[in-house]
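S.K.: following is a predicted model, sequence given first.
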Amino acid sequence: MRANDAIAGLVLIILSIVMIALTASFPDFPGQKYGPSLFPRILGAGLIVCGGILMRNGLTARRLGAPWIEIAPWAKEPRRLATFVLVLVLLLLYIFAAETVGFIPLALLFLVTLFVWLGVRPWIAAATAIAGTFTIYWFFATLLRVPLPRGWLNSIL
Amino acid sequence: MDALLTASRLIFDPYVLWVITASAAFGMFVGAMPGLTATMATALLVPVTFFMDPVPALGAIVTATAMAIFAGDIPAALLRIPGTPASAAYTDESYAMSKKGQLDLNLGVNLVFSVLGGFVGVAILIVCAPALAEVAINFSSFEYFWLALLGLTCAVFMTSDVPLKGITSLLFGLAINCIGIDPAAGYPRFTFGSVELLQGISFIPAMIGMFALSELLRGMVHADATGAVIAQEIGNIFSGVFGVFKRYWFNFLRGSAIGVLIGALPGAGADIAAWISFAISKRFSKEPEKFGTGHIEGIVDATSANNSALGGAWIPALVFGIPGDSITAIVIGVLYMKGMNPGPTVFLQNPQFIYAVFLIFILANVLMLPLGWIAIKGGKQLLRVPRNVLLPVILMFCLVGSYAMTNSIYGVIMMVVMGLIGWLMEEHGFPIAPAILGLVLGEMLEQNFMTSMIKADGAFIMFFERPIAATLGVLTLLIWGTMLWRGIRGRPATLSAAAPGP
């Protein structure tokens, strides 16, 4: 998906205005002309200028027939679009469930789902997922002592 | 001399040598797999090197990237798909040579000249870095401000074909760098009460997201696309290479020199070095009509250039703390984490680390010859690793790696958010490199800007009073002026027209 430059420019301008508005609450330091708000304000002003030119370019392109939103060729193929959405859903699932469920079950689910969806034969998918999960767990949790979330393991062990 | 001895003792330690060999194999693999880049190899290595001492950590990164840049040539010749963007400039030429039956010669030339180019890169690094450091020791905030701004300017000037989008990307990177404690006054900005945001955008998860996750998203969507490996047998790759060297030694020297120069310029790395040196080779060749038909000449230039660019990129990174390419941008993050703030003082206080980096570079290029030979011999098997198995495993590795950087889910959130932003930016034609550079250099720029502003107290002439500061300042303003002027006149405003990036 590719939005017209005018939309990108508008989003930039809105974000910059919010950023500059937020700097209003930054304190000034006595005897100092320049405080923590100076640098973000300069950047915000620059981004507003860039956003303005982007909007102008985008509107010109629009008049010449460019659409507001262009769908990339791959996104028109349902299967590819589904792959994209699936990866996002799995990432979100990992973020929200990692602490409660734990690394090992989530990683297994994550890998098996992706393998099978991308067309790996089921038994290879299962074997690789198990090997991959435990290698990563051994490497990070045992060797490098990263406290990977234990989740359900806590109640079993 | 003492420092050199200490450095060699640090390197020639069984553990360090083991790390270097393992990362060499890792780099070869990542470089040879289409869709996985040298920058990605670095980003994936960082969570692992996080737990090592500085020398093995730097050794792993230097070695892996050197190998990856060479290994990218293998699928270019066998599949007509560059393994890393640094090989894209001569992929068609390489493949044309393979089809003509010169696969052996092509791979041999790629390997030998990658090694030689790497040596030129490290030689110039060894000569230039300490000399520059002696100059840089007298720099004040004014010089550093201009230097940082010049670095960011180069990043826009060198990499983006639409300068407006490059500048926007740069400003965006600088703006998100404002999140967290501000470097001049210590006031928390844009943290919205979150404790984790106080420390700012965690740099490594952000890099893993922007360089690895956004690439993986694209790769996963096209996981079913595979190329056909050329059926030729690989024989003796070294026969005929010496003849090529005798004939094209000047191309090799020119390519390597261009590579170091472009590598040292902030924002542009091995890929741009290859494009530009290939274009120059064609422009000054005695037989330009042979280019495109499987001619070795341009490959000599470009394959030397992309490996010498690696060494060149370390010059500004070590001396000023300004990354020469996206790999050294990550390296600077690693150096800060290890408490070795890059800059001229490292050369005085910890010279053994600098010498260690030099030695690792030499060692990596020596190792490249046998390991590269093995990788070429095993190239066909290597390229048979199915992408639909590989990509999910790497994605898992990204998740765990970014978790390990903060020991909390915050790192993962940062990685995913930045990955999606990076993906959206690329979809809309905004280059990622300037944003990353803004993120790396933002603090240095703001700190020196604020210090200079307070020192100057309204007298802006002070920004130009010291001779080096004045030179850097005028140079920066000149580049901006050129871009503006050319932009208004409707001509291509950046150098990238000479190097049509992929």
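M.R.: Great, that's in hand. Worth saying up front: this structure is predicted, and the values here are computed from it rather than measured.

S.K.: low-confidence regions, the chain specifically.
M.R.: By default, I'm working from chain A. A:157 (pLDDT under 70).

S.K.: I was thinking of chain B, sorry if that wasn't clear
M.R.: Along chain B, the model assigns pLDDT under 70 to residues B:1, B:159-161, B:225-229, B:231, B:490-502.

S.K.: most centrally placed residue in chain A?
M.R.: For chain A, the residue nearest the mean C-alpha position is residue A:88 (8.5 Å; CA atoms, centre = their mean).

S.K.: strands along the chain, start to end?
M.R.: Reading this off chain A. For chain A, the strands defined by DSSP state E cover A:2-3, A:69-70.

S.K.: my bad, the chain I had in mind was chain B
M.R.: B:180-181, B:188-189.

S.K.: mind checking which of the strands of chain A is nearest chain B?
M.R.: Chain B lies closest, by CB to the nearest CB, to one member of these: strand A:2-3, at 5.5 Å. (Each C-beta comes from the backbone N, C-alpha and C, glycine too.)

S.K.: who are the packing partners of the closest one?
M.R.: Contacts defined by 3 or more CB pairs under 8 Å, 6 or more residues apart in numbering or on different chains; DSSP states H and E place strand A:2-3 against strand A:69-70.

S.K.: note down every partner strand of the strand it packs on and its orientation.
M.R.: strand A:2-3 (antiparallel) (DSSP bridges).

S.K.: what residues does the partner strand touch?
M.R.: With contact meaning CB atoms under 8 Å, 6 or more residues apart in numbering or on different chains, strand A:2-3 is reached by A:68-72, B:427-428.

S.K.: residue B:455 - how many residues pack around it?
M.R.: 13 (other CB atoms under 10 Å in any protein chain shown).

S.K.: measure the nearest residue to residue B:38 once chain neighbours are set aside to chain A for me?
M.R.: Nearest residue to residue B:38 in three dimensions, chain neighbours excluded: residue B:68, at 3.9 Å (CB to CB, 6 or more residues apart in numbering or on different chains). According to CB to the nearest CB, to the nearest Å, residue B:68 and chain A sit 20 Å apart.

S.K.: residue B:68 against residue B:27, yeah?
M.R.: Yes: using CB atoms under 8 Å, residue B:68 is in contact with residue B:27, at 4.3 Å.

S.K.: spit out the residues that contact the two alike.
M.R.: By CB under 8 Å, 6+ apart, the residues touching both residue B:68 and residue B:27 are B:38, B:41.

S.K.: neighbours around residue B:6, how many?
M.R.: Around residue B:6 there are 16 residues (other CB under 10 Å).

S.K.: which bits of the stretch 101-250 of chain B sit near chain A?
M.R.: Taking CB under 8 Å from any CB of the partner chain as the measure of proximity, the stretch 101-250 of chain B contacts chain A at B:164-165, B:167-168, B:171-172, B:174-175, B:178, B:182, B:184-185, B:187, B:189-190, B:216-217, B:220-224.

S.K.: derive a ChimeraX selection command for the buried subset of those.
M.R.: Here is the ChimeraX command that selects the buried residues among those (16 or more other CB atoms under 10 Å in any protein chain shown):
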select /B:164,165,167,168,171,172,174,175,178,182,184,185,189,190,216,217,220,221,223
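
S.K.: hey, where'd the helices end up in the stretch 301-450 of chain B?
M.R.: Using DSSP state H, counting those that start in this stretch, the helices assigned to the stretch 301-450 of chain B run over residues B:326-337, B:344-349, B:351-377, B:379-382, B:387-406, B:409-427, B:433-456.

S.K.: show me what the fifth one is packed up against.
M.R.: When you say that, I think you mean helix B:387-406. The helices and strands touching helix B:387-406, judged by 3+ CB pairs under 8 Å, 6+ apart, are helix A:78-101, helix A:103-117, helix A:122-137, helix B:38-49, helix B:203-207, helix B:214-221, helix B:409-427.

S.K.: tell me which of those helices sits nearest to residue B:31.
M.R.: Residue B:31 sits nearest to helix B:38-49 of all the helices and strands packed on helix B:387-406, at 6.2 Å, using CB to CB.

S.K.: just checking, what packs against that closest one?
M.R.: Helices and strands touching helix B:38-49, by 3+ CB pairs under 8 Å, 6+ apart, are helix B:14-32, helix B:54-71, helix B:203-207, helix B:326-337, helix B:387-406.

S.K.: of the ones you listed, which stretch is the most buried?
M.R.: Per residue and on average, the most neighbours among these fall to helix B:54-71, with a mean of 29 (mean count of other CB atoms under 10 Å in any protein chain shown).

S.K.: with distance to residue B:42 as extra columns, can I get the helices and strands packed on helix B:38-49 in a markdown table?
M.R.: Below are the helices and strands packed on helix B:38-49 laid out as a markdown table (distance: least, CB to CB, whole Å):
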| stretch | distance to residue B:42 |
| --- | --- |
| helix B:14-32 | 9 |
| helix B:54-71 | 5 |
| helix B:203-207 | 8 |
| helix B:326-337 | 5 |
| helix B:387-406 | 12 |
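
S.K.: now do the longest helix anywhere in chain A against helix B:433-456, angle only.
M.R.: Ranked by residue count and defined by DSSP state H, the top helix of chain A is helix A:38-63. If you take axes from the mean of the first three to the mean of the last three CA atoms, to 10 degrees, helix A:38-63 sits at 140 degrees to helix B:433-456.

S.K.: please identify the buried residues of helix A:38-63?
M.R.: Quick answer for helix A:38-63 (16+ other CB under 10 Å): A:38-41, A:43-44, A:46-51, A:54-55, A:57-58.

S.K.: out of the residues you listed, who's near chain B?
M.R.: Within these, those near chain B by CB under 8 Å from any CB are A:38-40, A:43-44, A:46-47, A:50-51, A:54, A:57.

S.K.: surely residue B:367 touches residue B:21?
M.R.: Yes: counting by CB under 8 Å, residue B:367 does reach residue B:21; the two are 7.3 Å apart.

S.K.: to residue B:13, which of the strands of chain B lies closest?
M.R.: With CB to CB as the criterion, residue B:13 lies closest to strand B:180-181 of the strands of chain B, at 37.1 Å.

S.K.: strand partners (parallel or antiparallel) of the closest one?
M.R.: On the basis of DSSP bridges, the sheet neighbours of strand B:180-181 come out as strand B:188-189 (antiparallel).

S.K.: need the contact partners of the partner strand.
M.R.: Against strand B:188-189 from outside (CB under 8 Å, 6+ apart): A:22-23, A:26, A:36, A:40, B:178-182, B:198.

S.K.: can you rerun that using 10 Å?
M.R.: Applying CB atoms under 10 Å, 6 or more residues apart in numbering or on different chains, the contact partners of strand B:188-189 are A:19, A:22-23, A:25-26, A:36-37, A:39-40, B:178-182, B:194-195, B:197-198, B:200.

S.K.: quick check: residues of the stretch 401-502 of chain B near chain A?
M.R.: Proximity of the stretch 401-502 of chain B to chain A (CB under 10 Å from any CB of the partner chain) is limited to residues B:401, B:403-405, B:407-410, B:412-413, B:415-417, B:419-420, B:423-425, B:427-430, B:438, B:442, B:445-447, B:449-450, B:453-454, B:456-458, B:487.

S.K.: re the thing from before, give me the distance between the residue nearest to the centre of chain A and residue A:82.
M.R.: Going from residue A:88 to residue A:82 by CB to CB, to the nearest Å gives 11 Å.

S.K.: count of residues packed around residue B:132?
M.R.: Residue B:132: 18 surrounding residues under other CB under 10 Å.

S.K.: residue contacts, it?
M.R.: Each residue near residue B:132 by CB under 10 Å, 6+ apart is listed here: B:264, B:315-316, B:318-320, B:344, B:347.

S.K.: what of residue B:251?
M.R.: Neighbouring residues of residue B:251 by CB under 10 Å, 6+ apart: B:113, B:244-245, B:277, B:280-281, B:284-285, B:296-302, B:304-305.

S.K.: and what of residue B:278?
M.R.: Applying CB under 10 Å, 6+ apart, the residues near residue B:278 are B:88-90, B:93, B:255, B:258, B:291, B:297-303, B:305-306, B:499.

S.K.: before I go, just wanted to say thanks for your time.
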